[in-house]
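>>> Generate a structure from the sequence data that follows.
(2 chains)
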2 protein chains.
Amino acid sequence: MRRANRIAAITKTLVERPHHIFAVGDFADLFGVARSTLSEDLAIIRSTFELLNMGKVETISGAVGGVRYLPELSKEQMLQHINGFCERLQEPQRILPGGFVYTDDLISSPMLLQTVGQIFATKFQMEEPQYVVTVETAGIPVALQTAHALNIPLVIVRRQSRPTEGPVLTMNFLSGPARQVETMSLSRRALPRNSRVLLIDDFMKAGGSLRGLVDLMGEFECPVVGKGVLIETGWPTEKLIQDYLPLIYLQEVNVEEQKVHARPADWILN
Amino acid sequence: MRRANRIAAITKTLVERPHHIFAVGDFADLFGVARSTLSEDLAIIRSTFELLNMGKVETISGAVGGVRYLPELSKEQMLQHINGFCERLQEPQRILPGGFVYTDDLISSPMLLQTVGQIFATKFQMEEPQYVVTVETAGIPVALQTAHALNIPLVIVRRQSRPTEGPVLTMNFLSGPARQVETMSLSRRALPRNSRVLLIDDFMKAGGSLRGLVDLMGEFECPVVGKGVLIETGWPTEKLIQDYLPLIYLQEVNVEEQKVHARPADWILN
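Presented below is the predicted three-dimensional model:
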């Protein structure tokens, strides 16, 4: 196997499993080359990714020596992707009776959400989350793609518990502008105490669900190290949580003019 | 940019978006090289992947000329992955009161399911599905990873409709051994008529949910070109659907002996 072949194989292996640390020695053994040769291969992949803004290839020194790929996006790449997402959101045929916006196709698109997950990973990786936590249903695809990009498990909080979950912790929370009492439930064994969790959801109005998730994490004695939402609405202006990271700001849905106004969140624009 | 750099960049681009056809000319322009040079690059990636059983790189001839990566797994790789999955399933601490098996951590693991999605993609790609369809909640992660591997959209059928879906089609179906009446609901705009759909679910006992999905697809006038389930139980022996592809056969849960018996499905073993 020549260098070009090794680079194809190593690149594939790294990219398919972001954040996973592969032992450099294992690659060297697989291809039957010296570690120094393999280090040169990795340097080529690293510099290529750097030059083309394709994320980061990081070598970890130490007794074993490892290498991993981090799917980091530049601000420009984030802006471009979120702008594209906003354009889709603003398609007038998405407006539904009652001023709702149809988003099901967008928030379950594997490809759109792959990049979204990479954006959340880029922003939250330094907090070293150990679990991504979301509440069913619509937030699951974006949460899964985020967990994938971070190479950590996904935990899905249920609205209702099921017998296949074993003993569960159930909690009431207030949802929506009408402050209805709703229920969240999570298996006792889903999250070890003191796990660092990243909360991810698809949509946030007042933030009742996220507030509920924060409180539930308190019951599990798990620190919340980040909160990400794909789409935040401009209304109500008063939110139930602080310090969350939205990607899209849904400013207005004008039913009469059949117009949706969505834009990237402030932190992406500035 | 030298060949080694180009190969790193092209490999990353192809692998991150399986089944997507990239124009060869775009790559050639990006790197400022002749198409013949780029064809040689692609030949190296193709032969490397072939040699190491890393999936298929396919060049499409024609006026434009394209290339795509298909995440195909060999029978041996499937067997190895599913065996590993079965080992996890057989951990005795998974047994819950009532003879249920705790699987939440496995069926929402991005990495375990990435390979599962690639297995379903390998088995169903020749049917050319246009949508992956599942019913909430537990099947969503495996369905999303399958849709990702096939580069097609995911459609999530709801148990209850919500105002953000617009007009919906609602259907009753019989679920479980007790034949309870349950409800499925899907937005009218989620699936265009005559779409070729692949049904994916995480767990199947009698097959009531899948039977319901098949009937619902009939109402949408969409042909079902495949049905995949991650885990099938040995009980009841009489199933409500035919021609489905299970990956794991959950043979027995022995509460007294604290033993779970799971094995790869017959087609993988033979």
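
>>> Skipping adjacent residues, who's closest to A:R35 in space?
Spatial nearest neighbour of A:R35, chain neighbours left out: A:A28 (4.9 Å); criterion: Cβ to Cβ, 6 or more residues apart in numbering or on different chains. The C-beta positions use only the backbone N, C-alpha and C, and glycine is treated the same way.

>>> again with A:R189
Nearest non-adjacent residue to A:R189 (Cβ to Cβ, 6+ apart): A:G166, at 6.1 Å.

>>> how long is stretch A:26-41 from one end to the other?
14 Å (Cα to Cα, to the nearest Å).

>>> Distance from the chain centre to it, please.
Centre-to-centre, stretch A:26-41 and its host chain are 33 Å apart (Cα atoms, centre = their mean, to the nearest Å).

>>> And for stretch A:1-17?
Centroid displacement of stretch A:1-17 relative to its chain, using Cα atoms, centre = their mean, is 26 Å.

>>> in that stretch, what counts as buried?
Going by neighbour count (16 or more other Cβ atoms under 10 Å in any protein chain shown), the buried part of stretch A:1-17 is A:3-17.

>>> Restrict these to those that also contact chain B, please.
Counting by Cβ under 8 Å from any Cβ of the partner chain, A:3-5, A:7-9, A:11-12, A:15-17 from the buried residues of stretch A:1-17 sit close to chain B.

>>> Now do the residue nearest to A:R35: how many residues are near it, please.
Applying other Cβ atoms under 10 Å in any protein chain shown, we find 19 residues neighbouring A:A28.

>>> do A:A149 as well
29.

>>> give me phi/psi at the spatially closest residue to it that is not a sequence neighbour?
Excluding the flanking residues, the one nearest A:A149 by Cβ to Cβ, 6+ apart is A:A121, at 3.7 Å. Backbone torsions of A:A121, given as degrees, to the nearest 10, read phi -60, psi -40.

>>> How about the contacts made by A:A121?
Neighbour list for A:A121: A:18-19, A:70-72, A:146, A:149-150 [criterion: Cβ atoms under 8 Å, 6 or more residues apart in numbering or on different chains].

>>> Which strands and helices lie in contact with the helix or strand containing the residue nearest to A:R35?
Element membership of A:A28, judged by DSSP states H and E, is helix A:24-31. Contacts defined by 3 or more Cβ pairs under 8 Å, 6 or more residues apart in numbering or on different chains; DSSP states H and E place helix A:24-31 against helix A:3-16, helix A:35-51, strand A:66-70.

>>> again, 7 Å this time
helix A:35-51 (3 or more Cβ pairs under 7 Å, 6 or more residues apart in numbering or on different chains; DSSP states H and E).

>>> what about A:S108, which SS state?
coil (DSSP: H, G, I helix; E, B strand; the rest coil).

>>> So it sits against B:R158, correct?
No: at 11.6 Å, A:S108 does not count as touching B:R158 under the criterion of Cβ atoms under 7 Å.

>>> A:E72 and A:F124 touch, don't they?
No: the criterion here is Cβ under 7 Å, and A:E72 misses it with A:F124 at 11.6 Å.

>>> just to revisit the earlier point, export the ones next to chain B among the buried residues of stretch A:1-17 as JSON lines, with columns for pLDDT.
Shown next, in JSON lines, are these (pLDDT from 0 to 100):
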{"residue": "A:R3", "pLDDT": "97"}
{"residue": "A:A4", "pLDDT": "97"}
{"residue": "A:N5", "pLDDT": "98"}
{"residue": "A:I7", "pLDDT": "98"}
{"residue": "A:A8", "pLDDT": "98"}
{"residue": "A:A9", "pLDDT": "98"}
{"residue": "A:T11", "pLDDT": "98"}
{"residue": "A:K12", "pLDDT": "98"}
{"residue": "A:V15", "pLDDT": "98"}
{"residue": "A:E16", "pLDDT": "96"}
{"residue": "A:R17", "pLDDT": "96"}
